[in-house]
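>>> heads up, no residue letters with this:
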C-alpha cells in the first residue's frame, strides 16, 4: 500500500467533480478520471482504516438497502461501507418482488428516504426491469427533494442491475490493479471473460457485461468467449468495442474458450444465461406465468448441459501466460467435485486461488464506501486530509 | 421554517414537564401545552438537521421496535427517529402474533429492554388487545426498573394501537399547521374525517379515532361521516365531543359524505371496519377460529362494497372551501384506477396532492423523535440550545 | 455495587493477558484469573453505564451474529453488548441450518468479516457439530487475517454450542456472586444442577454442561442429578470432577432430585435430552432423515413423560438451605399451570423468584461485552480509567 499522501496527490490531478451529489448506475456513465478517483479514495479509506483512523463522515443518517433477490456478500459489503462512514443500514425487505409500478415505487422511495443519504439497490433478475426500477426509485427521490419533501437527495448505488454490476467489477479491477502494481501496468494485458458451465440456475448477465464494459477502458485486450447462443446485450458489447478503440486496447468475441485462455493474463470463467432467454423470462414474469418461467429454467439448464466442456480446468490454466493467469470470480462459484458434480471450475484451480479470490472480494466494501464518499463530500481531498490528521481513532484503545 | 430561537422561546412558555420519563399512548392523555411542546421540538429537530447540526442525544442505547403487523413506513419512521437521536434500532420480530399473555409479555419486556431507552409498539389488529399489550409490556419494564433489573425505564411510543395512532395523527396535524401557518390559524376550520370505500381489507379504527381525538383539541369544526353501521368506539367519540366543547370548536357525526365535504378546509377520506366487526374478529381470534375470521373478512368486504359511492371524487372536492380543501391520507391509499378498480380516492385527486401527501408523511420521524426527546431529556431548552451552538455537524464535510 | 476503583485494583492483581486477541469457546479453556477478569470488567462496564459514562471503544465496526437456531434473548444480549461498545450488529441469517461444510463456511466466514471485530455464533442443536462449526468459521478468519484478506481477525464469542453455553453460565455465576456477596463467599456452597420435566422438546445439553463445568471451579459442592439415561457428555463430567478436586469443592452425580435439593444453597432445575438421543439426532440429520428426527422427538417426549415427578415444587424448595435456596433458570422455563400443564417448576416457586431470575439474565449483555472488551483492548485497566475519567456521557443531557 502506498503512503497516504500519494493518494491525495493522485486525487488532486483528477477531475471528478461530477461524482458529487450524483448516482452510480453504470461504469460507462463515468469518465476514466472519475473511475480512477473512486479507486484512489477506496485505497485511501482502506489506508485510514488499517492505520486505525476514523473514517466517519456522518454523525447520523441511514443507508437504505433494497435486495429484490437474495444476497449475503453484497448485503454485508453495503452494510460495512455504510458503517465505515457512520451511516446505519436499514433493509427494505420487499418479499414479493414486483416489476416496477411507477406510482408505488415513487411512494415507497419517498417514505423510506426521509433520513437516507444513500440507497443501494440490487435488482438483477429481469431484463429491462432492474435498471428501470433503480431509475424510477431515484427519480422519485429527486422530485421529493425538489418539492421539499426530502431534506436531502440520496445517492443511488447500483448493487447489481440487469445491465451492470459496477460495485463488483470495480472491486474486481481494483484487485487486478493491486495484483499487477498499477492501472498503467494493465495496458496490453489479455483478459478472458468466458462463459462456464453451471448446473444451478440461469445466472444474470450483469457480471460479464460489467467486466467487458469496464476492463476495456484501460488498454487491455479483452476476449469475450461463450458458446453460440449465449449472447450478451448488444448495447453493452457495442460499448466494449468503443471503449477498446478509445483506450488503445482491443475487444473480441469468440466461441472458443481455448483461444480466450491462450496466453491470457487474467481469466474470469463464469456462467450466465442467454440474453434471449432472459428476455423471455421477463415476458413470462410480466404475464405472471410461473409455469412458463419454470419450464424455461429447465430448458436453460438442459442447454447449459450441452456445454459442460466450458469449464476452467488445470489444463486450460496451463495455456495461460506462464500458466499463471490471475483467476477471477465474483463468488460463489460452482466448483466441480465440491459444490456440484460438474461446474464452472476444477476444485484444484479454485483452491489454488482461494486467497486472491477472497482478496478480490475484500475490495467491495471500500469501492461502495468510496462511491458514497465521493457523492456526499464536496471537497474530498480536504476531508481525507482531515481524517488522516485528526486524532480520531477507529478503535479507541 | 422559523428561526431556531423562536422555537426555544415558544417552548419556554409551555408547561410540559410531565412528558419527562413518561410514555405516549394516546393524545388525549396529554395537555394542549404538552402537544404543542412536541410539535415545537419536532420543528426544532428538523431545523437542526436541515442546518447540518448533530441531533444526537445518546452515545449508545437501543430503540426496540415491535410490529405485530406488517409495516414499512412506520418502521422506517421509528428507525429514522432513533438514528437521529443516536439510538440503534433493534426489531423484535414476533412472527406469531398472540393475544397478550401477562407473564410471557412480562418476561419478554424485561429480556429485550436491558439497554433500551425507547420501545415502539404497533399492535392494532385486535380491539381491546393492542393497547393492553402495550400497557402490559411497559408495566413490566416499570417493575423491572423498580426492582433494579433494568437500569433505565424505557419510554413507550405507541406506533399504533387498537384505539389511537398518535404518531400518525400528530404528524398529520403538524403538516396541517405548516400548511395553514400556525396552530391558531386552525381555529374555526372545518375538517371532514370520512369513511371511504376500500376493496382491500377491514382496516383499523385507530386513524379516524386518532384524528377526531386530536383535531378537536384546537378549535376546529370536525365532522365525522360514515355509512350506517361503521361506528367507531364510543369512548373516543365521547372524547371528541368533550374536546370540541372545551376548545371552542365542534364535533358532529353524520352519515353523509357530501355534508362533510361541503366547505371543508381539510378532508381525510379513509376506510375502516365497523367497530362491531372488529370486536367479533377479536372474539374469533381469542378462540383461534381462523375460519370464522376469514368468513368475517368476506362479509366485511361485501358490506364495504355496498358503499362504493363513498369515495373522494373531483366532484366532491369541488364542494370544499374554494374547491381547494387540503386532502390528507396516512398512506397507502386505495386509488381508483391505479392500485384498485374502485377505491378511496380518484386518481386525479390523489395525484394533485402527491407532494403535500409526502410532506405529511415526512413529519412522522420528527414527531417520534420529539416524543423520545421530551421523554428522555430533562432540560429540553438547554439541550436544544447546546445542540444548536456546538460545532457538531451531521455531515462532517 | 463497588466503587469503580475497586474494580481496577482487582484487575491489576489478575493475569489475563491471554484473553487479548483470543476467542471464547468454553469456560474450561480459561484460567480462574481470566474468568475473574471477565466478571470484573462486566461489573466495571455496568458501573460506567449506570454512571452515565460512555462505554464506547469503537468508532465503527461490526459485530456479526449467526443464529442457526431461533433466539430472542441471546440475540438482544449480543446486540446490546455490541451497541454498548460502539459496534453495529449485523445478523447473518442462515435460514437453512446445515452441518458445517468446510469450504463453504470458510468462504462465508471471510465474506462477512471484512469489517467484523467480533462474531457471535449460536449453534447448539447437533452434537459434534456446533463447536466444530464455530471452530471452522474462526479458523477461516484466522487464515484470512494471516493472508491479508482480513484487516483484523475477529474474536469469536460462543453464544451456545453443543458443549458449553459460556455467556449464559458466566452470567448465571455473576448473578450468584452478586447474590452471595463475592466469589470467595461461594466456597462450600451446595449447588443442585438437576434435570426437570419438560413437555416441549428435547433441549440442548449446553446449559447443564456449562454449569457443572464452571461452578466446580470455585470450591462449590455441585450435585448433578438426573433420571437414569439422561447422561451428559462424559468429557464434561470428567472436567467437572477435575475442577472440583482442584478448587477444593466436590462434584457428584446422582439420580435423586431430593438428595440434590437437600440443603442446597442454589438450585438449577432444567430439562435436557439424553446425550445418546442427541447423538442419534445428529446421525439422522447428517443423513437428512427428517422422519427419523421427528420419530425420535416423539420418543424423547414419551421418555420425558416418565419423569414428571422431576419438577421444582414448593415442597422440594422447603428442603433446601433454610428453605431459601437461590433458584436459577436460563429462561424461558416450562412453568406448570402457566406455559404448560406440567413442567419444570411450580408456578408459585417461579413467581417468587421472578426478580432474581430477570436480574440473572441482566448480566448477560455485560458478560458478552466484557468478553469482547478483553479480547480487543490491549490495556484494559488504562482504557477503563480513561472511560471513567473523560467527560463522554452515554446520555448527553
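Nice, thanks for sending it over. It should be emphasised that the depicted structure is a prediction, and the values quoted were computed from it without experimental measurement. Residues are numbered from 1 along each chain as shown, chains lettered A, B, ... in the order given.

>>> quickly check: the helix or strand of chain A with the lowest mean pLDDT near chain B or not.
Scoring the helices and strands of chain A by mean pLDDT, DSSP states H and E places helix A:102-112 at the bottom, with a mean of 85. Yes. With Cβ under 8 Å from any Cβ of the partner chain as the measure, helix A:102-112 is seen reaching chain B through A:103-104, A:106-108, A:110-112. C-beta coordinates here come from the backbone N, C-alpha and C atoms, glycine included.

>>> out of the residues you listed, which is most surrounded?
Neighbour counts for these, by other Cβ atoms under 10 Å in any protein chain shown, peak at residue A:110, which reaches 27 neighbours.

>>> any idea how far stretch A:378-385 is from the chain center?
Centre-to-centre, stretch A:378-385 and its host chain are 25 Å apart (Cα atoms, centre = their mean, to the nearest Å).

>>> next, the buried residues of that stretch.
For stretch A:378-385, the neighbour count (16 or more other Cβ atoms under 10 Å in any protein chain shown) marks A:380-381, A:383-384 as buried.

>>> close to chain C, is that stretch?
No. Interface with chain C: stretch A:378-385 contributes nothing (Cβ under 8 Å from any Cβ), its closest point being 15.8 Å away.

>>> for that stretch, which outside residues touch it?
Stretch A:378-385 has contacts (Cβ atoms under 8 Å, 6 or more residues apart in numbering or on different chains) with A:4, A:7-8, A:11-12, A:16, A:20, A:37, A:41, A:44, A:48, A:57, A:373-374, A:377, B:396-397.

>>> one more time with 7 Å
Stretch A:378-385 is contacted from outside by A:8, A:11-12, A:20, A:41, A:44, A:57, A:373-374, A:377, B:397, using Cβ atoms under 7 Å, 6 or more residues apart in numbering or on different chains.

>>> does residue A:149 count as helix, strand or coil?
Secondary structure for residue A:149, judged by DSSP: H, G, I helix; E, B strand; the rest coil, is coil.

>>> how near is it to residue B:362?
Note on residue A:149: its distance to residue B:362, by Cβ to Cβ, to the nearest Å, is 6 Å.

>>> identify the residue of the stretch 151-300 of chain A closest to chain B, quick one.
residue A:151 (5.3 Å; Cβ to the nearest Cβ).

>>> quick one, what contacts that residue?
Residues near residue A:151 by Cβ under 7 Å, 6+ apart: B:49-50.

>>> give me the pLDDT value at it.
Predicted confidence (pLDDT) at residue A:151: the value is 96.

>>> circling back: of the contacts of stretch A:378-385, closest to chain C?
Among those, and counting by Cβ to the nearest Cβ, the member closest to chain C is residue A:57, at 10.8 Å.

>>> test my guess that that closest one contacts residue B:393.
No. The criterion here is Cβ atoms under 7 Å, and residue A:57 misses it with residue B:393 at 9.7 Å.

>>> what's the end-to-end length of stretch A:174-190?
Taking Cα to Cα, to the nearest Å as the measure, stretch A:174-190 stretches 16 Å from start to finish.

>>> so which bits of it are buried?
Across stretch A:174-190, burial judged by 16+ other Cβ under 10 Å covers A:174-180, A:183, A:186, A:189-190.

>>> who's more crowded, residue A:57 and residue B:393?
Shown here are residue A:57 and residue B:393; by other Cβ under 10 Å, residue A:57 has more neighbours (26 against 14).

>>> list the contacts of the helix or strand hosting residue A:160.
For residue A:160, the element it lies in under DSSP states H and E is strand A:155-161. Strand A:155-161 is contacted from outside by A:23-25, A:74, A:78, A:117-124, A:130-131, A:134, A:138, A:164, A:166-168, A:206, A:368, A:371-372, A:375-376, using Cβ under 7 Å, 6+ apart.

>>> pLDDT on it, on average?
Across strand A:155-161, the average pLDDT comes to 97.

>>> show me how far it is from its chain's centre.
9 Å.

>>> after it comes which helix or strand?
Using DSSP H and E, the helix or strand that follows strand A:155-161 in sequence is helix A:166-180.

>>> what's the angle between that following helix and strand A:155-161?
Between helix A:166-180 and strand A:155-161, the angle comes out at 80 degrees (axes from the mean of the first three to the mean of the last three Cα atoms, to 10 degrees).

>>> does chain C sit close to helix A:166-180?
No. Judged by Cβ under 7 Å from any Cβ of the partner chain, helix A:166-180 stays clear of chain C, getting no closer than 10.5 Å.

>>> near chain C, which residues of the stretch 201-350 of chain A?
So far as Cβ under 7 Å from any Cβ goes, the stretch 201-350 of chain A lies against chain C at A:331-332, A:338.

>>> export the residues you listed to a markdown table and append columns for pLDDT.
Formatted as a markdown table, those follow (pLDDT from 0 to 100):
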| residue | pLDDT |
| --- | --- |
| A:331 | 93 |
| A:332 | 91 |
| A:338 | 89 |
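
>>> low-confidence stretches in chain A?
Scanning chain A for pLDDT under 70 picks out the ranges A:1, A:94-103.

>>> domains of it?
A:4-164+A:364-389, A:167-361 (automatic domain parsing).

>>> report the buried residues of stretch A:61-80.
The neighbour-count check on stretch A:61-80 (16+ other Cβ under 10 Å) flags A:61-68, A:71-80 as buried.

>>> how long is it from one end to the other?
One end of stretch A:61-80 to the other measures 14 Å (Cα to Cα).

>>> ok, the residue sitting nearest the centre point of chain A - contacts?
What sits nearest the mean C-alpha location of chain A, by Cα atoms, centre = their mean, is residue A:168, with 2.4 Å. Shown in contact with residue A:168 (Cβ under 7 Å, 6+ apart): A:160, A:207, A:210, A:330, A:364.

>>> need those residues in a markdown table (columns: secondary structure and neighbour count).
Listed next are the contacts of residue A:168 as a markdown table, based on DSSP: H, G, I helix; E, B strand; the rest coil; neighbours: other Cβ atoms under 10 Å in any protein chain shown:
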| residue | secondary structure | neighbour count |
| --- | --- | --- |
| A:160 | strand | 28 |
| A:207 | helix | 24 |
| A:210 | helix | 29 |
| A:330 | coil | 25 |
| A:364 | helix | 28 |
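
>>> redo those residues as CSV? Include distance to residue B:326.
Putting those into CSV (distance: Cβ to Cβ, whole Å) gives the following:
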residue, distance to residue B:326
A:160, 42
A:207, 50
A:210, 47
A:330, 51
A:364, 47
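
>>> can you pull out the strands in chain A?
Under the criterion DSSP state E, strands of chain A are mapped to A:62-67, A:88-92, A:116-123, A:155-161, A:190-195, A:221-225, A:250-254, A:266-270, A:326-327, A:335-336, A:345-346.

>>> those strands: which one's closest to residue A:353?
Nearest to residue A:353, of all these, is strand A:326-327, at 4.3 Å by Cβ to Cβ.
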